[in-house]
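[1] I would like the atomic coordinates for the input below:
(one chain, ligands or ions: 3)
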Amino acid sequence: MELDYESKRPLYIPYAGPILLEFPLLNKGSAFSREERNEFNLNGLLPETVETIEEQAERAWQQYQEFKNNIDKHVFLRNIQDTNETLFYRVLADHLQEVMPIIYTPTVGTACEQFSDIYRRARGVFISYPNREHIEDMLQNATKQNVKVIVVTDGERILGLGDLGIGGMGIPIGKLSLYTACGGISPAYTLPIVLDVGTNNQQLLNDPLYMGWRHPRIGEEEYNAFVEEFISAVKRRWPHALLQFEDFAQKNATPLLEKYRDKLCCFNDDIQGTAAVAVGTLIAASRAAGSPLSEQTIVFLGAGSAGCGIAEQIINEMMSEGLSDAEARRRVMMVDRYGLLTDKLTNLLPFQARLVQPSEAIAGWETGSDSVSLLDVVRHARPTVLIGVSGQPGLFTEEIIREMHRHCPRPIIMPLSNPTSRVEATPADLISWTDGAALIATGSPFAPVTWKEKVYPIAQCNNAYIFPGIGLGIIASGARRVTDSMLMSASRALADCSPLATDPTGPVLPELGDIQQVSRQIAIEVARAARLAGVAAESSEEALAQAVEDNFWTPAYRHYRRTSI
Ligand SMILES: NC(=O)c1ccc[n+]([C@@H]2O[C@H](COP(=O)([O-])OP(=O)(O)OC[C@H]3O[C@@H](n4cnc5c(N)ncnc54)[C@H](O)[C@@H]3O)[C@@H](O)[C@H]2O)c1
Ligand SMILES: O=C(O)C[C@H](O)C(=O)O
Ligand SMILES: [Mg+2]
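    Ligands and ions are numbered 1, 2, ... in the order given. The predicted structure is shown next:
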């Protein structure tokens, strides 16, 4: 990739001397030119040779390869990010496919678990409940002033790993790294935030090194008031920023989304981003299988935020293909801890209750007990698609998968739980149990599987395909809200990028190495949908495409000129 160093405008900055080397957004290290070293009092603070970013990236890559453990690689890259962000993104741009599993899922899960142990430097904003009177100040103190994208978590449901307290901060940091690396959003515009409302993780509470508030999670009323305070402060400080809710526990995720989605530009990635990537993947896979999504029978294991979010968007898509609401809902079945969700079950959350099967639909089914297990559902409903979002490993057993394959020659199987340790079944097992017939997409990355001398690439169905493009589309169009139609258009744009569209033997999703191009296409469609939904200003198609390009940041240094404070 050619980066246009020369064409970038100079930047006027007021800092000089050692302090300039301390700003990750401004630091260029050995790449400060001779003129800059004179002008900014850097002489003597750097080795003699003036280097290019390519040379710096080469050294960083050599050092990176010396590390044997993924978590050490993660710490190394995060350290570059915290000292020189431009170089960090240059290294990522040069090796995106290889480093994505290091800065993001699955290694980011380990980084969250070990957050207080591997802690080096502060990044982002830590908003703790005991400090709630100072939220306004905390946002003023952020190292970034012109924030356009915030990712916030409260650390309660980090991937499938559960409550990790402020360790969850690793997730907003990782997601925002992808906003930049995959979606071209300048790092100057991004801000990770963790809401520290305590933790119920006893191991962390007992850990003398734990850096968060050592206190059980606060009660519902205090929590809701605290989040409200936070949202109001964000709206005052950056009224037009996009706010992404990430890895909130089931009991809070949907209520927060419903409460705030019409009040600011926000979305929940686990509900809506995941739905968009899963539906995009399914549209592409169904096209390849020769039957539309509305003809599939779909079974979920896990009726939580992700499962129910995906299910509702599948139902929307099926309706746009001609089914009625009731017909579509009959085709989508949810299995949770207590079996299939039916209208007989009490104590369901409202978003689950919308997805129950009517009792008469399963009246003739023979089941071992009152609850209808996943195996029962697979046996009687004969699904063509099986989706795992339970956060529990190994639940797609050989018996279940073989039973599915008995009735479905080309089953689509998507164990989406993260990180790798939580996968419902490994791709190698799925391929062997279906004799190579399954079309597979996992949430975490898996290497291609070789079976009977054939190589099967494994698609990674992760919301990382979606959120960077959504963010870019929102920034480019100036959208004020995130509508369902914007998410739906992101799904369709992703499906249109599927290699399956041109090669029936190809992978269902584009290579991660192509993700910047995918994000651009998603961004254009999202921007167009925002305009059509009336949440962004009118503009021509050409202007939208140009705005997407103009907002796509690339990791190249700019010339600096001095200005006074
Ligand atoms: N691939 C992706 O892009 C992506 C996106 C979002 C979430 N996820 C993954 O999906 C998983 C779930 O996320 P979520 O936000 O829906 O969490 P959640 O807590 O809201 O939902 C999980 C659901 O699984 C159910 N469950 C737990 N054990 C079960 C069992 N033995 N049998 C059946 N159901 C069981 C729970 O009762 C709960 O309803 C996590 O591992 C997360 O990492 C992946
Ligand atoms: O973070 C990921 O890899 C995807 C998703 O948001 C999750 O919570 O698992
Ligand atoms: Mg998540």
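
[2] So which bits of the protein are right by ligand 3?
    Selection of the chain residues close to ligand 3 by Cβ under 5 Å from the ion yields Asp247, Asp270. (Each C-beta comes from the backbone N, C-alpha and C, glycine too.)

[3] residue in the stretch 351-500 of the chain nearest to ligand 2?
    Of all residues in the stretch 351-500 of the chain, the one sitting closest to ligand 2 is Asn418 (3.7 Å; Cβ to the nearest ligand atom).

[4] ok, which stretches of the stretch 251-400 of the chain are helices?
    Listed in chain order, the helices of the stretch 251-400 of the chain (DSSP state H, counting those that start in this stretch) span 274-289, 305-320, 325-330, 350-353, 374-381, 398-407.

[5] Can you tell me which of these is packed in deepest?
    Neighbour counts (mean count of other Cβ atoms under 10 Å) averaged over each of those peak at helix 274-289, with a mean of 26.

[6] Now that we're looking at the residue of the stretch 351-500 of the chain closest to ligand 2, what pLDDT does it have?
    What the model reports for Asn418 is a pLDDT of 97.

[7] quick one, what contacts Leu487?
    Leu487 makes contact with Phe267, Gln272, Gly273, Ala275, Ala276, Gln313, Ile470 under the criterion Cβ atoms under 8 Å, 6 or more residues apart in numbering.

[8] Out of those, the closest to ligand 2 would be?
    Among these, Gly273 lies closest to ligand 2 (Cβ to the nearest ligand atom), at 6.9 Å.

[9] ok, and the closest non-adjacent residue to the closest one?
    Among residues not flanking Gly273 along the chain, Asn463 sits closest, at 3.6 Å (Cβ to Cβ, 6 or more residues apart in numbering).

[10] Which residue does the stretch 101-250 of the chain have closest to ligand 1?
    Ligand 1 sits closest to Gly160 of the stretch 101-250 of the chain, with a gap of 2.9 Å, by Cβ to the nearest ligand atom.

[11] surely that residue meets Gly388?
    No. Checked against Cβ atoms under 8 Å, the pair Gly160 and Gly388 is beyond contact range at 10.3 Å.

[12] got a list of what whichever residue of the stretch 1-150 of the chain sits closest to ligand 2 touches?
    Relative to ligand 2, the nearest point of the stretch 1-150 of the chain is Thr105 (3.4 Å; Cβ to the nearest ligand atom). When contacts are counted by Cβ under 8 Å, 6+ apart, Thr105 touches Leu159, Gly174, Asn418, Pro419, Gly443, Ser444, Pro445, Asn462, Ala464.

[13] Return the distance of the first one relative to Asp247.
    For Leu159, the distance to Asp247 under the criterion Cβ to Cβ, to the nearest Å works out to 7 Å.

[14] what sits in contact with each of these two?
    Joint contacts of Leu159 and Asp247 (Cβ under 8 Å, 6+ apart) are Ile171.

[15] in what helix or strand does Leu191 lie?
    strand 190-196 (DSSP states H and E).

[16] and that strand, which strands flank it?
    Next to strand 190-196 in the sheet, as set by DSSP bridges, lie strand 125-128 (parallel), strand 149-153 (parallel).

[17] Can you give me the buried ones in the helix or strand that comes right after that strand?
    Later in the chain than strand 190-196, the nearest helix or strand by DSSP H and E is helix 202-206. Buried residues in helix 202-206, counted by 16 or more other Cβ atoms under 10 Å: Leu204, Leu205.

[18] who's in contact with helix 202-206?
    Contacts for helix 202-206 (Cβ under 8 Å, 6+ apart): Ser116, Leu164, Gly165, Gly167, Thr199, Tyr210, Gly212, Arg214, His215, Pro216.

[19] Mind checking which of the residues you listed land in helices?
    Ser116 (DSSP state H).

[20] I'd say Leu161 and Ala111 touch.
    No. Leu161 lies out of contact with Ala111 (Cβ under 8 Å); the separation is 11.0 Å.

[21] who has more neighbours, these two?
    Neighbour totals were compared for Leu161 and Ala111, and Ala111 leads with 25 against 20 (other Cβ atoms under 10 Å).

[22] elements contacting whatever helix or strand the more buried one lives in?
    Per DSSP H and E, Ala111 falls inside helix 107-113. Judged by 3 or more Cβ pairs under 8 Å, 6 or more residues apart in numbering; DSSP states H and E, the packing partners of helix 107-113 are helix 70-83, helix 170-183.

[23] between the first one and helix 170-183, how big is the angle?
    For helix 70-83 against helix 170-183, the angle by axes from the mean of the first three to the mean of the last three Cα atoms, to 10 degrees is 70 degrees.

[24] Helix 70-83 - contacts with which helices or strands?
    Counting contacts by 3+ Cβ pairs under 8 Å, 6+ apart, helix 70-83 packs against helix 53-66, helix 85-94, helix 96-103, helix 107-113, helix 115-118.

[25] Tell me who's in contact with Met404.
    Val378, Arg382, Pro383, Leu386, Pro411, Ile413.

[26] Just the buried ones among those residues, please.
    Buried subset of the contacts of Met404 (neighbour count, 16+ other Cβ under 10 Å): Val378, Pro383, Leu386, Pro411, Ile413.

[27] hmm, back to that, pipe the strands paired with strand 190-196 into CSV and attach mean pLDDT per row.
    Converted to CSV, those look like this (pLDDT from 0 to 100):
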stretch, mean pLDDT
strand 125-128, 98
strand 149-153, 98
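
[28] out of these, deepest packed?
    Burial of the strands paired with strand 190-196 is given as mean neighbour count (mean count of other Cβ under 10 Å); strand 149-153 ranks first at a mean of 27.

[29] All the strands of the stretch 401-550 of the chain, residue numbers only.
    Secondary structure of the stretch 401-550 of the chain (DSSP state E, counting those that start in this stretch): strands at 412-415, 439-442, 449-451, 454-456, 459-460.

[30] which one of these lies closest to Glu36?
    Each of the strands of the stretch 401-550 of the chain has some distance to Glu36 by Cβ to Cβ; the shortest is strand 459-460, at 41.0 Å.

[31] Columns distance to Pro393 and mean pLDDT on top of the helices and strands packed on helix 70-83, output as TSV?
    As requested, the helices and strands packed on helix 70-83 are exported to TSV (distance: least, Cβ to Cβ, whole Å; pLDDT from 0 to 100):
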stretch	distance to Pro393	mean pLDDT
helix 53-66	29	98
helix 85-94	29	98
helix 96-103	18	97
helix 107-113	13	98
helix 115-118	22	98
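
[32] Out of those, which is closest to Ala438?
    Across those, closest to Ala438 is helix 96-103 (Cβ to Cβ), at 22.4 Å.

[33] other SSEs contacting the closest one?
    The helices and strands touching helix 96-103, judged by 3+ Cβ pairs under 8 Å, 6+ apart, are helix 70-83, helix 85-94, helix 170-183.

[34] and Thr110, how many neighbours?
    Residues lying near Thr110 (other Cβ under 10 Å) number 18.

[35] returning to that earlier point: of all the contacts of Leu487, which two lie farthest apart?
    Gln313 and Ile470 (13.8 Å).

[36] what is in contact with these two at once?
    Joint contacts of Gln313 and Ile470 (Cβ under 8 Å, 6+ apart) are Ala276, Leu487.
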